[in-house]
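Engineer: Next input, structure requested:
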Amino acid sequence: MKRLVAFIVVIFIAFIIYFDLTTGTIPADAGARGPAEAAAGAVYTGGTAEKVDTSTAPFVESVIKPGDTLLSLLEQNENKSYSIETAIADFQKLNNGIKPENIQIGKTYKIPVYK
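Structural biologist: From the prediction side, this is the model:
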């Protein structure tokens, strides 16, 4: 009886591994952005990589000081109506895909402006 239970457990684990490798649990488009798209300034928007025209988006250039975050910079510029997801996406579009958590002290970044 112990051998039968052990055999069933092994088969079940093998099925789980097979399912994970073939179907998986991560969405298929999660890695859709390739290195060529990143180098060209494309921004991953959740399914497609698209080139963003930054000349029409309203922004303010800001030099990062110690302790600055995207949200603190948005508050300094008196931005009122925005969602955090929109602010992050717009920041990445304006700054060629740089994530807000990767900003560096002393560098200048484009901060989106909302009315």
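
Engineer: any weak-confidence spans in this protein?
Structural biologist: Counting by pLDDT under 70, the chain shows low-confidence ranges at 25-57, 79.

Engineer: For the lengthiest helix in it, buried residues please.
Structural biologist: Selection of the longest helix in the chain by residue count, based on DSSP state H, yields helix 2-22. Buried positions in helix 2-22, judged by neighbour count with 16 or more other Cβ atoms under 10 Å: none. Where you see a C-beta, it was placed from the backbone N, CA and C, and this is true even at glycine.

Engineer: Next, give phi and psi for residue 60.
Structural biologist: The phi/psi pair for residue 60 (degrees, to the nearest 10) reads phi -130, psi 130.

Engineer: so it makes contact with residue 108?
Structural biologist: No: taking contacts as Cβ atoms under 8 Å, residue 60 lies outside contact range of residue 108: 10.5 Å.

Engineer: Looking at these two, which has the bigger crowd around it?
Structural biologist: Summary of the neighbour comparison: residue 60 and residue 108, criterion other Cβ atoms under 10 Å, with residue 60 having more neighbours (14 against 10).

Engineer: Provide the partner residues of that one in its beta bridges.
Structural biologist: On the basis of DSSP bridges, residue 60 takes part in beta bridges with residue 111.

Engineer: looking at the protein, which residue lies furthest from center?
Structural biologist: In terms of distance from the mean C-alpha position of the chain, residue 1 ranks first, at 50.5 Å (Cα atoms, centre = their mean).

Engineer: State the distance from that one to residue 78.
Structural biologist: As for residue 1, its distance to residue 78 is 72 Å (criterion: Cβ to Cβ, to the nearest Å).

Engineer: quick one, helices of the chain?
Structural biologist: Listed in chain order, the helices of the chain (DSSP H) span residues 2-22, 35-39, 70-76, 84-94.

Engineer: in the last one, what counts as buried?
Structural biologist: Buried positions in helix 84-94, judged by neighbour count with 16+ other Cβ under 10 Å: 87-94.

Engineer: how distant is it from the center of its chain?
Structural biologist: In terms of Cα atoms, centre = their mean, to the nearest Å, the centre of helix 84-94 is set 9 Å apart from its chain centre.
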